[in-house]
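S.K.: Build me a structure from this.
(2 chains)
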Amino acid sequence: MLKVHLPDGSVKEYSHRVRPLDIAAEIGPRLAKATMAAQVDGRLIGADGLLPEDGELSLRLLTKKDSESLDVMRHSCAHVMARAVMRLFPGTQLAFGPTIDNGFYYDFQLEHKLSEEDFPKIEAEMAKIVKADEPFERVELAHDNARQLFAELGQTLKVEHLEDGLKDESQVSFYRQGEFIDLCRGPHIPSPGAIGACKLLSVAGAYWKSDSSKQQLQRLYGTAWFEKKELDDYLLRVEEAKRRDHRVLGRQLELFMIEPNVGSGLVFWLPKGAVVRRELENFLYGELIRRGYHPVYTPVIGNVRLYETSGHFPYYKDAQFPPIEMEDGDRYLLRPMNCPHHITIYQSKPRSYRDLPLRLAEFGHVHRFEQSGELNGMTRVRGFTQDDAHIFCTEDQVADEFRGCIEMTQLVLQTLGLDDYRVRLGFRDPASDKYVGNPETWDKAEAALTQVCGELDLPNVRIERGEAAFYGPKADFVVTDCIGREWQLGTVQLDYNLPGKQRFGLEYIGPDNAPHQPAMIHRAPFGSFERFVGVLIEHFAGAFPLWLAPEQVRVMVVSQKVEDYGRQVQKRLAEAGLRVTGDYRAEKIGAKIRDAQLELIPYMFVLGGREAEEGKVAVRDRLQGDMGAIPVEEAIAKLQTEIREKTIRHVVKGSAGLGHKTEANAY
RNA sequence: GCUAGCGUAGCUCAAUCGGCAGAGCAGCUGAUUUGUAAUCAGCAGGUUGUGGGUUCAAGUCCCUCCGCUAGCUCCA
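M.R.: Numbering: from 1, shown residues only, chains lettered A, B, ... in the order given. Next up is the predicted model:
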């Protein structure tokens, strides 16, 4: 006897084996038709999944209205796409085809080079399959039989996966739809007729089992929705996201440029971008001084020996610009990190426990030779400036110092309205030989980090093995941008290894008059100015809050007759410390306003004969339009308050994935 | 680095089958003196990423290199 609890509180009992679909049919034929999948005690299963004979369970029938159904349908759509590709290109080998945010992909191995020109053909074939609406049938087979089946079908990648990843499974499942059979855990929707609208998005290379030493496959990306309108909305959102791409806005708004004749991945900060950066630097410097950091400046190159000691050179040789070879045999490296230089300052004189914690801060420019395919606007470059600092402290001070770093990072993100982020605790992978130091030291560092993070109110903390730096574990702040990409920005890293005897052998004299080894914390709340500003441009869609805006207010005159008054007001605003320009062209006021709106200037002061007579300015707000005329000094005070308070007047509503990103910044 | 696609004026893009490189915006000059998102007219702007090849003829076809884009791999 099986007891089934339904969400409405009702309970049904069965003495025979039933499937969710049977239960749906019992409730009503419309529901049976609408059922896409089911949830049993919170676990997703297919509508045709046989429920146990005895016991008690809670069942939810999932229809198109339930968000869980969307993923199930998209996975089915991946099968439909694979079936279409196999029909069009016989001999296609199937790899993996999972669901991702807003869509799905499928990896294939085939002779034909897929390109966007093939998309219409594939989509047409998919449409036929959807229209035919043949059911997805789940079949379970013993491991050996499955292996034999896929060997006969010539699906060698699937056979390899059965022998490798699934070698311990005694029984495996696959799904059949017409002539198409695929090894698959499921679940699927009952039949593809429910796929309302789907579209192929792109094709790209991907390595078999994510291993760059293995063969490269062709990956087709697609998206699918229950309703055509949802697909259209999604495509609109993608377009909107493209418009706020920091590379596009960076050029339009003259914030930065990258000139291939100088070098890939090397950033030029143009005057307007430099203003944004300088404001951020000033903000950070204020915080650093308040928190007892000492700013330092150190060389941007150094003898290779230094980086051999730190380990950076041997570990990241291929990702660095090659050393400069001198005639006397010395070799100098463009520094890839600032820590060895700050360590050198620490070592420059004997240190007492009374000096600790010692916090050395530097906006240090570093160079790394990133692979060409990794370069991306400001977010992945070959020369960048870290808002770096290194804290040298005693064992007892580690927790407090670490907490201080996390809090400063949170303050920074909060100040800029970046609240869509998660914290990744990067720990070592015990199986890897990438890490320096002994396991006990690592365990100590990881335990300290876990404890501190546990005490703080951090969102979405997740431990990821294998994500540590080679010298220590870290807490990375990973921010999601407007098109659903994640960027590692701030980082706080705990290091017992570089100060250790095997590396730099740092010491301080303790109260017991004996030498001790200090601990080190590496931290950067922004990560790098380049990447941070890149993400910030997308976050604000180029419309910075007043305190960051390159141009805060533009004075514009209705006619050149009031130019003198305009210049007077402009001068007064500049004296008050505002970043101001004036538009005195022989243009109509509408044209001047339009230009300023497109340049995303937060405030416009419109001046005509009336304002000149009364000593006022007509304030036009970029977001709200005409605010009416007020005295000049009142307008200045209003803007100064907004600057001082770092007000954010419009925030992108962050959420995971492009599908949920909604347009928020009107511009 | 790998796979695929793409490189035309400062920007966004056009150029039929291989047949005289073109438009809008921006820029410059002149006229206009304007009240809350584009006034009008004129002028100028190019070694079609680079080097080679095929052809009577190449922006267009082929090869090399460089760069960019998407994804993969990597990220101290």
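
S.K.: make it CA atoms for all contacts and neighbour counts henceforth
M.R.: Will do.

S.K.: thought A:Pro473 was touching A:Ala448?
M.R.: No: with contact defined as C-alpha atoms under 8 Å, A:Pro473 does not count as touching A:Ala448 (9.9 Å).

S.K.: show me where the stretch 151-300 of chain A has strands.
M.R.: Using DSSP state E, counting those that start in this stretch, the strands of the stretch 151-300 of chain A run over A:171-177, A:180-183, A:197-207, A:216-225, A:256-258, A:267-269, A:294-295.

S.K.: returning to that earlier point: just want to know which of A:Pro473 and A:Ala448 has more residues nearby.
M.R.: For the pair A:Pro473 and A:Ala448, the greater number of neighbours falls to A:Pro473 (28 against 17), based on other C-alpha atoms under 10 Å.

S.K.: Any figure for the gap between that one and RNA strand B?
M.R.: Counting by C-alpha to the nearest atom of the strand, to the nearest Å, the separation of A:Pro473 from RNA strand B is 9 Å.

S.K.: got the contact list for the closest residue to that residue other than its chain neighbours?
M.R.: Leaving aside its sequence neighbours, A:Pro473 sits nearest to A:Phe427 (C-alpha to C-alpha, 6 or more residues apart in numbering; 5.0 Å). Neighbour list for A:Phe427: A:Glu446, A:Ile463, A:Glu464, A:Arg465, A:Gly466, A:Glu467, A:Ala468, A:Gly472, A:Pro473, A:Lys474 [criterion: C-alpha atoms under 8 Å, 6 or more residues apart in numbering].

S.K.: Wasn't A:Ala38 part of a strand?
M.R.: Yes: judged by DSSP: H, G, I helix; E, B strand; the rest coil, A:Ala38 forms part of a strand.

S.K.: Show me what the most centrally placed residue in chain A bridges to in the sheet.
M.R.: Closest to where the C-alpha atoms of chain A average out (C-alpha atoms, centre = their mean) is A:Glu486, at 0.8 Å. In this structure, A:Glu486 has the following beta-bridge partners (DSSP bridges): A:Thr480.

S.K.: what are the phi and psi values for the residue of the stretch 301-450 of chain A found nearest RNA strand B?
M.R.: Residue of the stretch 301-450 of chain A nearest RNA strand B, by C-alpha to the nearest atom of the strand: A:Gly373 (3.1 Å). Main-chain torsions, A:Gly373, degrees, to the nearest 10: phi -70, psi -10.

S.K.: What of A:Trp547?
M.R.: As for A:Trp547, its main-chain torsions (degrees, to the nearest 10) stand at phi -70, psi -20.

S.K.: neighbours around A:Phe529, how many?
M.R.: Counted by other C-alpha under 10 Å, the residues lying close to A:Phe529 total 24.

S.K.: what does stretch A:267-278 contact?
M.R.: Taking C-alpha under 8 Å, 6+ apart as the rule, stretch A:267-278 contacts A:253-259, A:378, A:381, A:383-384, A:529-530, A:533, A:548-551.

S.K.: residues of it that come out buried?
M.R.: Residues of stretch A:267-278 classed as buried by neighbour count (16 or more other C-alpha atoms under 10 Å): A:Val267, A:Phe268, A:Trp269, A:Lys272, A:Gly273, A:Val275, A:Val276, A:Arg277.

S.K.: and what of stretch A:602-612?
M.R.: A:Pro602, A:Tyr603, A:Met604, A:Phe605, A:Val606, A:Leu607, A:Gly608, A:Glu611, A:Ala612.

S.K.: same thing with stretch A:297-316?
M.R.: A:Val300, A:Ile301, A:Gly302, A:Val304, A:Leu306, A:Tyr307, A:Ser310, A:Gly311, A:His312, A:Phe313.

S.K.: swap in stretch A:126-142?
M.R.: Within stretch A:126-142, the residues that count as buried by 16+ other C-alpha under 10 Å are A:Met126, A:Ala127, A:Ile129, A:Val130, A:Asp133, A:Pro135, A:Phe136, A:Glu137, A:Arg138.

S.K.: A:Tyr421 and A:Leu458 touch, don't they?
M.R.: No: assessed by C-alpha under 8 Å, A:Tyr421 is found out of contact with A:Leu458, at 9.7 Å.

S.K.: Settle it for me: which of these two has more neighbours?
M.R.: Set A:Tyr421 next to A:Leu458 and count neighbours by other C-alpha under 10 Å: A:Tyr421 wins out with 24 against 15.

S.K.: Could you pull up the residues touching that one?
M.R.: Taking C-alpha under 8 Å, 6+ apart as the test, what A:Tyr421 contacts is A:Pro459, A:Asn460, A:Phe477, A:Val478, A:Val479, A:Thr480.

S.K.: burial measure for the fourth one, as a count.
M.R.: Taking other C-alpha under 10 Å as the criterion, the count of residues near A:Val478 is 18.
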